[in-house]
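Peer 1: give me coordinates for this.
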Amino acid sequence: MPGGFLHVPAWAQALVLAFGFLAFGLSGLLARPWFRRHFDDDSDHDERVTFLVEVVGVFYALLVGLVAVGAYDHYVEVKRLVNQEASQLTTVYRAAQSFPNSRRCRLQSQVRNYAENVIDDVWPKQKQGEIEEDQGRLDAVFESLMFYKPQNDQESNAQSVTLQAFNEYNNLRRERQGEVEIGLLPVLYTVLFLGAAVTLAATWGLVGVRLIDHMAITGLLSLFIGVFLSLIVALDYPLQDSNSIPPKPWQVALTKGMGAPAEGQKQVSTYFGESTADRVPGCLLNVSDYVSFANSEQLPQ
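Peer 2: Predicted structure coming up:
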C-alpha cells in the first residue's frame with residue numbers, strides 16, 4: 001500500500017476504496033452487450049459463470065477474512081505492548097521513591113521529562129514512520145541510576161530494583177520501535193487487489209439477468225470488497241498512519257502514575273506535596289533544572 005494513502009483519514013480511505021471498486025465493477029458492465037451477443041443462446045452459460053463466481057468468491061473471502069483477522073490481532077498486540085511500555089516506565093518512576101530525596105527528585109524529574117518527550121515529539125514522528133528518540137533523556141536516567149553510590153543496604157536494594165525495572169522498560173521500548181515498520185507485505189496487497197478485480201470481473205459474464213439486477217449484484221459486491229479492504233488498510237501499521245494507536249497510555253501514565261497535572265489543571269496534591277507541570281512534588285528545583293544538571297552532583301539536598 002502506498003505510504004501516502006496510509007496517512008489519509010480512515011473515513012477517506014473507506015470512501016476511496018468503496019467507491020473506487022464500485023466504479024470499477026459497474027464500468028465492467030459496459031461489456032454486457034458483447035457477452036449477450038456471444039453467449040445469449042448458450043443456456044448453460046450462466047450456470048458456468050455462477051460456478052466461477054462462487055469458487056473465486058469463496059477463496060477470495062477466505063483470504064480477506066484471514067488477512068483481516070491477522071491484521072486485527074497484530075493491532076491489538078501492539079496496543080497491548082504500548083500499554084505495557086507506559087506502565088513499566090511508571091514502575092521506574094515509583095521505584096525511584098525509595099532513594100534519598102535529592103536523588104529521587106533527579107530521577108523522577110528525568111523520567112517525567114522523558115515521558116513528556118515521548119508524547120510531544122516521539123509519537124508524532126512515529127506516525128510518519130520515523131523511529132527517532134532523544135536518547136540523551138533516557139541515558140540521563142540510566143546514568144543517574146548506575147553511577148549512584150548507595151550509602152546503605154536499603155539504598156542498594158532500591159538501586160537494584162529500579163535498575164531491573166529500567167532494563168525491562170528498555171526492552172519494551174525496543175520492541176515498540178521494531179513494530180513501527182512492521183505491516184502487511186506489499187505482495188499481499190497485490191494479491192488482495194488482483195483477487196478483488198478477478199472476483200468482480202467474473203460477475204460481468206452473466207447474460208440471463210436483467211440489467212438492474214446485474215448492476216445491483218455487481219455494485220453491492222464491489223462495495224462489500226472495498227469496505228473490507230479499507231478495514232485491512234486501517235488496521236495495517238498500528239503505529240503509523242492516521243489510524244495509528246494514540247499515546248493515551250502515556251498520557252495516563254504521566255497524569256495518574258507520575259502525578260503530573262492533567263490538561264487544564266495547574267497542580268495536583270500527592271503524598272509528597274503539590275505537583276505542578278514544572279515540578280515534581282517535594283523537590284526544590286523544576287524538572288528542567290534537574291534535566292539540565294544531569295551530569296552534576298551539585299544539587300540541593
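Peer 1: tell me what the helix or strand where residue 78 lies is packed against?
Peer 2: Using DSSP states H and E, residue 78 maps to helix 45-95. Packing contacts for helix 45-95, counted by 3 or more CB pairs under 8 Å, 6 or more residues apart in numbering; DSSP states H and E, involve helix 101-117, helix 153-179, helix 186-203, helix 211-235, helix 248-252. Yep, even glycine has a C-beta here, placed from its N, CA and C like the rest.
Peer 1: ranking those by burial, who's on top?
Peer 2: helix 101-117 (a mean of 23; mean count of other CB atoms under 10 Å).
Peer 1: got the CA coordinates for that helix in CSV?
Peer 2: The C-alpha trace of helix 101-117 is given here as CSV (Å, rounded to 0.1, in the frame of the first residue of the first chain):
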residue,chain,number,x,y,z
ASN,A,101,15.1,13.0,48.3
SER,A,102,17.8,14.7,46.1
ARG,A,103,18.3,11.5,44.0
ARG,A,104,14.6,10.8,43.9
CYS,A,105,13.9,14.3,42.6
ARG,A,106,16.5,13.9,39.9
LEU,A,107,15.3,10.5,38.8
GLN,A,108,11.6,11.3,38.8
SER,A,109,12.2,14.6,37.0
GLN,A,110,14.2,12.9,34.3
VAL,A,111,11.6,10.1,33.9
ARG,A,112,8.8,12.7,33.7
ASN,A,113,10.7,14.7,31.2
TYR,A,114,11.3,11.6,29.1
ALA,A,115,7.6,10.7,29.1
GLU,A,116,6.6,14.2,28.0
ASN,A,117,9.1,13.9,25.1
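Peer 1: contact partners for the closest residue to residue 31 other than its chain neighbours?
Peer 2: With CB to CB, 6 or more residues apart in numbering as the measure, residue 204 is the residue that lies nearest to residue 31, at 5.7 Å, once sequence neighbours are left out. When contacts are counted by CB atoms under 8 Å, 6 or more residues apart in numbering, residue 204 touches 28-29, 31-32, 35, 218.
Peer 1: quick check: the closest residue to residue 22 other than its chain neighbours vs residue 8, distance?
Peer 2: In space, and not counting its chain neighbours, residue 22 is closest to residue 222: 4.5 Å by CB to CB, 6+ apart. Residue 222 sits 20 Å away from residue 8, going by CB to CB, to the nearest Å.
Peer 1: ok, residue 193 next?
Peer 2: Residue 193 is 17 Å from residue 8, by CB to CB.
Peer 1: ditto for residue 226
Peer 2: 14 Å.
Peer 1: ok, back up a step: by pLDDT, rank the contacts of residue 204 and give me the bottom one.
Peer 2: Ranked by pLDDT, these bottom out at residue 35 (78).
Peer 1: wait, residue 5 sits on residue 17?
Peer 2: No. Look at residue 5 against residue 17 with CB atoms under 8 Å: they stay out of range, at 9.4 Å.
Peer 1: what sits in contact with each of the two?
Peer 2: residue 233.
Peer 1: those two: which is more packed in?
Peer 2: residue 17 (24 against 14; other CB atoms under 10 Å).
Peer 1: report back the residue of the chain that's furthest from centre.
Peer 2: Largest separation from the mean C-alpha position in the chain: residue 41, at 55.1 Å (CA atoms, centre = their mean).
Peer 1: so who does the residue nearest to residue 22 touch?
Peer 2: 18, 21-22, 24-26, 200.
Peer 1: which one of the residues you listed sits closest to residue 287?
Peer 2: Nearest to residue 287 among the contacts of residue 222: residue 18, at 48.1 Å, using CB to CB.
Peer 1: one step back: out of the helices and strands packed on helix 45-95, which is closest to residue 137?
Peer 2: helix 101-117 (4.3 Å).
Peer 1: angle of the closest one against helix 153-179?
Peer 2: Relative orientation of helix 101-117 and helix 153-179, computed by axes from the mean of the first three to the mean of the last three CA atoms, to 10 degrees: 10 degrees.
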